[in-house]
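A.B. asks: Sequence below, structure please.
(one chain, ligands or ions: 1)
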Amino acid sequence: ITHNTFTKLVLLLFVLFFFSLPAKLINGGIAGIVGVTCVFPIDLAKTRLQNQRPGQQVYKSMIDCLIKTVRSEGYFGMYRGAAVNLTLVTPEKAIKLAANDFFRCHLSKDGRGLTVFREMLAGCAAGMCQVIITTPMEMLKIQLQDAGRLAAQQRKPGIIPPNRLATTNAVLSRSYNVVPSTSPRVISATQIARELLHSQGIQGLYKGLGATLLRDVPFSIVYFPLFANLNKLGKPSPDAAAPFYWSFISGCVAGSTAAVVVNPCDVVKTRLQSLSKGANEESYNGIIDCFSKIMKREGPSAFLKGAGCRALVIAPLFGIVQVMYFLGVGEFIMSQSSLKLISD
Ligand SMILES: *[C@@H]1O[C@H](CO)[C@@H](O)[C@H](O)[C@H]1NC(C)=O
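C.D. replies: Model (predicted):
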């Protein structure tokens, strides 16, 4: 079959998959799409702040980064890479929610509640399943988000000696953003994916897998039990559901707490996954090398880079998920649609 037919087939399967999802997963998917639209610019600022090395700062803070991005790349510049998230957020949520339910179900004895330890175990296992999609997603997203920072760094006078402008070790350097020009060639996620697959095979897309696991597994370990317990505090009686605003706040608090706790791993992950480097930006051989180089050259505070942004990204993302569940958007769609038959 031709490439085109193949693409159509995949799309069809994707649509069928989406509509055969249980209502719960549709909630997750819609929450993801709404969430990405709301907070993507902060996520972009996070990536750029994390990749800045001392002495070559283009951006002073999140706000400064957003203002400069809008000035030089326009409003849509803040959404570079958002298409990756919009496309993959539903499958990602599907895997995570399904895995979490699966493990919780299997770990609970005779339908009674889970102990905190088992809740952690379920969250941890779900986090491990999710990285199958998260890693390539982040890999592509980061290249797109960071391109504007590298371009800005090259434009900024005094930072880079002119003879160092073209030095870089990145695989993709020839295709984007390291050529000293004021308008970097715009490249799409599909092009990056294709080039990576071509030059490095599937491993190319899974660069930073270890760091992603190191970030997401502990994230789940903190998030799920914290949310469940915070939510429990708001229940009027053991059998009743917590009020809506309570679930929303629990989601925000649990999400941002977990995000800040695992931020050091997120910094390492961002550094490892950035293919194009600016002049004088060192590259790393794996997680340990990256940790120790950052520690030595930038000090421990570097591990908190982008932590505020990350908390601001995660809190609404998780809060919105709780709202979707509460409103039962997925259940509504399923009950309205003739496709309901498929899922029954
Ligand atoms: C985009 O997706 C990645 C991978 O799941 C996630 O870490 C990040 O928070 C997402 N960003 C937004 C703004 O949704």
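A.B. asks: And the spatially closest residue to Tyr59 that is not a sequence neighbour, what's its pLDDT?
C.D. replies: Nearest non-adjacent residue to Tyr59, counting by CB to CB, 6 or more residues apart in numbering: Cys65, 3.8 Å away. Where you see a C-beta, it was placed from the backbone N, CA and C, and this is true even at glycine. You'll see Cys65 listed with a pLDDT of 96.
A.B. asks: Same check on the one 10 residues further on?
C.D. replies: Tyr75 is assigned a predicted lDDT (pLDDT) of 93.
A.B. asks: What is the burial count for it?
C.D. replies: Other residues lying near Tyr75 total 9 when counted by other CB atoms under 10 Å.
A.B. asks: quick one: it and Ala83, what's the gap?
C.D. replies: 15 Å (CB to CB, to the nearest Å).
A.B. asks: next one: Cys105
C.D. replies: 34 Å.
A.B. asks: Of these two, which one has the most company?
C.D. replies: Comparing Cys105 with Ala83 by other CB under 10 Å, the one with more neighbours is Ala83, at 16 against 11.
A.B. asks: how close does the more buried one sit to Cys309?
C.D. replies: Distance from Ala83 to Cys309, by CB to CB: 20 Å.
A.B. asks: In contact with whichever residue of the stretch 51-200 of the chain sits closest to the ligand: list those residues for me.
C.D. replies: Closest contact between the stretch 51-200 of the chain and the ligand, by CB to the nearest ligand atom, is at Asn85 (3.8 Å). With contact set as CB atoms under 8 Å, 6 or more residues apart in numbering, Asn85 has these partners: 32, 36, 40, 137, 141.
A.B. asks: Pick the one among those closest to Gly319.
C.D. replies: Gly32 (12.6 Å; CB to CB).
A.B. asks: Now that closest one: closest residue in space, sequence neighbours ignored.
C.D. replies: Nearest non-adjacent residue to Gly32 (CB to CB, 6+ apart): Val89, at 3.4 Å.
A.B. asks: so the one you found makes contact with Val36?
C.D. replies: Yes - between Val89 and Val36 there is a contact at 5.9 Å, judged by CB atoms under 8 Å.
A.B. asks: mind checking how far Met324 is from Trp246?
C.D. replies: From Met324 to Trp246 the distance is 16 Å (CB to CB).
A.B. asks: what does Ser276 give?
C.D. replies: Distance from Ser276 to Trp246, by CB to CB: 44 Å.
A.B. asks: Same drill for these two, tell me which one is more crowded.
C.D. replies: Ser276 (23 against 19).
A.B. asks: List the contacts of Thr129.
C.D. replies: Thr isn't right for residue 129; it's Cys. Applying CB under 8 Å, 6+ apart, the residues near Cys129 are 95-96, 99.
A.B. asks: next structured bit after the helix or strand where it lies?
C.D. replies: Using DSSP states H and E, Cys129 sits within helix 116-155. Next helix or strand after helix 116-155 toward the C-terminus (DSSP H and E): helix 189-200.
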